[in-house]
Structure formats: C-alpha cells, structure tokens
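**Q** Kindly return the folded structure for what I paste below:
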Amino acid sequence: MSGKSLQWKLDQIGSPVKMLRDSPLKLFQLAYTRQHSNWRDEQAAWTKTAVLFDQSNHMNDVYVKGPDVVRLLSDTGINSFRNFGRDKAKQFMVCGHDGNLIGTSVLFGLEDDEVSIVGPRACANWVHYQAEIGNYDVEFRWDGRTADNDAPRLIYRYEIEGPTAMKIMEKAHGGPLPPTRFFGMTEFRIAGRAVRALKHTMAGQPGSEAHGFEFFGPAEDEHHVLDAILRAGEEFGLVRGGALAYYSSGIESGYLSQPVPAIYSDPRMRAYREWLPADGYEAKLSIGGSFASDDIEDYYRNPFDMGYGHILKFDHDFIGREALEAVKDEPHRRKVWMRWNDDDAMRIIRSSLFDDETKRAKFLDYPLSRYARVQFDQVHDKGRPAGVSTLCAYTVNVGGFFSLGMLDPESAVGGREVTIVWGEENGGTAKLGVERHAQTEIRATVSTTALVS
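**A** Numbering: from 1, shown residues only. Take a look at the predicted model:
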C-alpha cells in the first residue's frame, strides 16, 4: 500500500470498527525467545529471586533532538514538563482534541535537548506529525523495532526485576549503585561499559522489594554487559525470562498497555489520517473481545478511565486539555484486577478443546490469553453492563487466570463478583487468530489492588 494513507484505507473499508475488528493479520508475533527454560519458573523468578528480560527487539526507539524538544513534548503530552531534562523519565501520554488517548510510551531524557520515545508507534507518530506541522526546531531519528527494521538496532535494552535484582546489579557494577528514586534515571558502568538505567517495575509492585532496572547502552556493548550480569546473577538465582513471561508480567503488575488510538472519527484528525500510512500501526491494529459496537468512539478511553489521572497535569497547554478539564470532575471508570473462577476457566479450556464447533468456547491460551492487540470483553454486574475486561493471563504467582479491567465506580469494589463474557459475537470475527466458537461466561472477583503483593 505504498503511498496510500490510513484515510484512504478507511474510505475503502467504510468503517474503522470493521477494519480493526476484522483485521486479517496474523496474531501478534513475539519478537524474541518464547521461553529460556519454562515460563512457570520464569514467572516465579520475579517474586523469589530475579528475572532478566531482553527488550532489545520489540519496541520502537524514536530519538528527538533540538532546542524545541521540551516545548514540543509539553504541547503534545498530558504530563508536566517542569524541570524535565537529562536523566529524567516519564510515562508519556498524548491525547487527541477530544481528550481521549492516542498512545502511551516511556520517555527518556538523554540530554537537556534530546529524548527517546520508547514503545509502540502511536505516541511517537503523533508527536512527529505535530513537529512537522508546527514551528518546532527538532530532528527525528527512528530506530524501529526489529520486525520492521532492516538495519541493526542502535542500542541493547534489558530489564531485571525481583528481590535480588539490586544485589545482582551491584555485584556486576562492582559496588553500590547511585541512589535513584522510583522511575528515575541513573548512570553507572558494567564491564567497563557505560550503562544508563531507569528504575521501575513491570513485575511486582512499585515500592516493593520486587523492583529493578531497565538498562541500555550502545548495541556493540551488549555482550560484554550481558555476560557480566549473567555471571553476577549466578549467586542470586537470576533466571532469564522469555517473551511469554515478559508479556504476562505487566498484566500481573497492572499495566493496561495501549489504548485504541482516538484518531479514526474526529474530523479534526483527517489531515493526520492522511499523513499516516495505510500499512502502519494504526491501520493494522486489531481489536478483539465480546464488547462489540459499530461506533469506534465506544472503544476510546481517556486517561482517567485507564488509571492515569495522576499523570495528567493542567499546568500547561496541550492538545486535549479543554476536553479533559470539562470531564475531570465526572465519575470515571477505575482500573481493577479480576481473578477468574478456576472452575469456569477449566470448563472453557475443556470446551475449546473437545466440544464441536457449534458449542466450543473461544480457545483460552496460557500464559497469555489475548488474541488481539487491544482486547475488550464485556463485564456484567448482576446483569448490568459494568465495564470491560482487557488483558488477561495466567501466572504461577497468582495461581490462576485473571485480567485487568476498567469498571464503573459502583462495581470497582474489592470482593465484588462480576461476570465476563468470553468470546466474540456471531461465532467470532474474521481475524485469523479467531476460530469459530460460542460465547460463554466467566465468574470473576474484583480486586482494587494487585493480586500479588
């Protein structure tokens, strides 16, 4: 589709919902080793010892440099940028004019006039577009994820998490690391190579002992640093984690991941849709699940719904500010965990394997149970629509299946029993990862705190 735009594709199909829910693309491809040992031991490691994940392949790194970097970020992001600069980091979020999210990413302050935007493309695409149409003195350099990139990656990136992670990093470094606050950046050396790191967690909970670092450096240093980490980790039970464990770790810790970009319907976004390619991220995104609507705006979410209200700051002007100010005091859905009923999960597994096509449930994979990039399943509370269930998984730490969700305030109560509708309508949509099946229900118990402390 070279030379054609997202708007052209939407005009051909006629409906953004049809384009995204009937996406003919294959299931999301895991960009690196699925398991180094087995996903059960790899999951257990982030609560018992430490796990090391390779993040060098699956994310886009977009470098933005110039005197107007902070002004551009402040004009597009909902975050505050007071005192932002070198060795500062943020969970960066951008919204459309209607206040609904376009994308999220992690923002690294590399220098006072240079950042990297790391994650799926939606967030960086919007920032890049605003830079092109606005008066910003910045330059962009894209280092796309390995699957979309013929050139070697510019950097390596690893994540280490768990109770012994700090001891491993200190041993590899040869001494105590610089004091660093949560979601703060620091610099040190391993094997004589300069390393930059972000202190955070995608496994366990912020503030717990099960936290660690996301660390990175030039690609040519990777093997030296990796070897030093692995040698240091032998004493402390370090386990290498594969893709299955990695993607389930974020669900356990409460990361809601990416929204449906709020770009497909607003007339003010038409020029942006004409700028985006017909074969890009926003055109290939898939939506799955039992929640079905013909209106794409029913799939949009604002920062409050996704539990990001604490990130939103009204101390600057940004795209979407007026719309968000208008709804900030309204009731919003709340992020929750939902622990699935074990008997219902086993019933669905048995049905998906042994019942015939007219009766079988949608296949429940594990440890990752998602079958679309964005998954929305209906949640009912005593027969009343109460919100949606999203990313779902099994981990040995929880000891069962569970999902993250966004529920109405009256249902987002710890201990509340709700019902999740599993499977798509009318036997399933046309996505290649969806076999013919019948919808069924799963009982689940709501928790407003993580299922693993």
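
**Q** and residue 65, how many residues sit next to it?
**A** Around residue 65 there are 16 other residues, counting by other CB atoms under 10 Å. For the C-beta atoms, the positions are set from N, CA and C on the backbone; glycine is no exception.

**Q** Surely it touches residue 139?
**A** Yes. Residue 65 is in contact with residue 139 according to CB atoms under 8 Å; the separation is 5.4 Å.

**Q** okay, now the domains of this protein?
**A** The chain is divided into the following domains under automatic domain parsing: 39-58+152-253, 60-144+302-331, 334-447.

**Q** Just tell me which of these ends up closest to residue 265.
**A** domain 60-144+302-331 (8.8 Å; CB to CB).

**Q** Now do that closest one: distance to the chain's middle.
**A** 16 Å (CA atoms, centre = their mean, to the nearest Å).

**Q** end to end, how far does that domain reach?
**A** 35 Å (CA to CA, to the nearest Å).

**Q** how far away is residue 431 from residue 22?
**A** 7 Å (CB to CB, to the nearest Å).

**Q** more neighbours, these two?
**A** Higher neighbour count among residue 431 and residue 22: residue 431, with 21 against 15, using other CB under 10 Å.

**Q** what sits up against stretch 263-273?
**A** 5-7, 10, 16, 96-98, 102, 126, 129, 133, 276, 282, 296-297 (CB atoms under 8 Å, 6 or more residues apart in numbering).

**Q** What subset of these is buried?
**A** Buried members of the contacts of stretch 263-273, scored by 16 or more other CB atoms under 10 Å, are 5-7, 10, 16, 96, 98, 102, 126, 276, 282, 296.

**Q** Identify the farthest-apart pair in the residues you listed.
**A** With CB to CB as the measure, no two of those lie farther apart than 5 and 98, at 20.9 Å.

**Q** hang on, the earlier thing: take the contacts of stretch 263-273 and keep only those in helices.
**A** 6-7, 10, 16, 126, 129, 133, 282 (DSSP state H).

**Q** Any chance of CSV for those, columns distance to residue 197?
**A** Formatted as CSV, the ones in helices among the contacts of stretch 263-273 follow (distance: CB to CB, whole Å):
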residue, distance to residue 197
6, 36
7, 41
10, 41
16, 39
126, 27
129, 31
133, 35
282, 31
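
**Q** Residue 434 is in contact with residue 352, isn't it?
**A** No. Residue 434 is beyond contact range of residue 352, at 11.9 Å (criterion: CB under 8 Å).

**Q** got any residues that touch both of the two?
**A** Common neighbours of residue 434 and residue 352, using CB under 8 Å, 6+ apart, are residue 362.

**Q** hey, where'd the helices end up in the chain?
**A** Remark: helices assigned in the chain by DSSP H are 6-13, 16-21, 39-48, 69-76, 121-133, 165-173, 222-233, 243-253, 270-275, 281-284, 321-327, 342-354.

**Q** okay if I get those helices as TSV plus mean pLDDT and distance to residue 58?
**A** TSV is the format used below for these (pLDDT from 0 to 100; distance: least, CB to CB, whole Å):
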stretch	mean pLDDT	distance to residue 58
helix 6-13	97	23
helix 16-21	97	21
helix 39-48	97	16
helix 69-76	98	24
helix 121-133	97	12
helix 165-173	97	21
helix 222-233	98	15
helix 243-253	93	8
helix 270-275	98	25
helix 281-284	95	13
helix 321-327	98	30
helix 342-354	98	27
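
**Q** Minimum distance to residue 57: which of those helices has it?
**A** Counting by CB to CB, residue 57 lies closest to helix 243-253 out of the helices of the chain; the figure is 9.4 Å.

**Q** what's the closest one in contact with?
**A** Residues from elsewhere that reach helix 243-253, judged by CB under 8 Å, 6+ apart: 30-35, 39, 42-43, 46, 51, 53, 55, 58, 159, 161, 201-205, 241, 257, 367-368, 391-395, 397-398, 402-404, 450-452.

**Q** Centre of the chain to that helix, how far?
**A** On CA atoms, centre = their mean, the centre of helix 243-253 falls 10 Å from the chain's centre.

**Q** now stretch 162-173
**A** Remark: stretch 162-173 is offset 26 Å from the chain centroid, using CA atoms, centre = their mean.

**Q** could you measure the residue in the chain sticking out farthest from the centre against residue 268, distance?
**A** Most distant from the centre of the chain: residue 356, at 34.8 Å, with distances by CA atoms, centre = their mean. Look at residue 356 and residue 268: by CB to CB, they are 49 Å apart.

**Q** And for residue 141?
**A** When residue 141 is compared with residue 268 (using CB to CB), they lie 29 Å apart.

**Q** returning to that earlier point: taking the contacts of helix 243-253, please make a PyMOL selection of just the buried ones.
**A** Here is the PyMOL command that picks out the buried ones among those, judged by 16+ other CB under 10 Å:
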select buried, resi 30+31+39+42+43+46+51+53+55+58+159+161+201+202+203+204+205+241+257+367+368+391+392+393+394+395+397+398+402+403+404+450+451+452
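
**Q** Out of the contacts of helix 243-253, list just those in strands.
**A** Of the contacts of helix 243-253, the ones assigned to strands by DSSP state E are 51, 53, 159, 161, 241, 391-395, 402-404.

**Q** What distance do you get for the most centrally placed residue in the chain to residue 176?
**A** Per CA atoms, centre = their mean, the C-alpha nearest to the average position across the chain is that of residue 257, at 2.5 Å. Counting by CB to CB, the gap between residue 257 and residue 176 amounts to 34 Å.

**Q** Leaving out the residues flanking it, which one is nearest to residue 306?
**A** Distance criterion CB to CB, 6 or more residues apart in numbering; nearest residue to residue 306, sequence neighbours excluded, is residue 256 at 5.1 Å.

**Q** ok, for residue 130, nearest residue in space, not its chain neighbours?
**A** Among residues not flanking residue 130 along the chain, residue 76 sits closest, at 5.2 Å (CB to CB, 6+ apart).

**Q** Could you do residue 42 as well?
**A** For residue 42, ignoring the flanking residues on the chain, the nearest one in space by CB to CB, 6+ apart is residue 245 at 3.7 Å.

**Q** Thanks a lot, see you next time.
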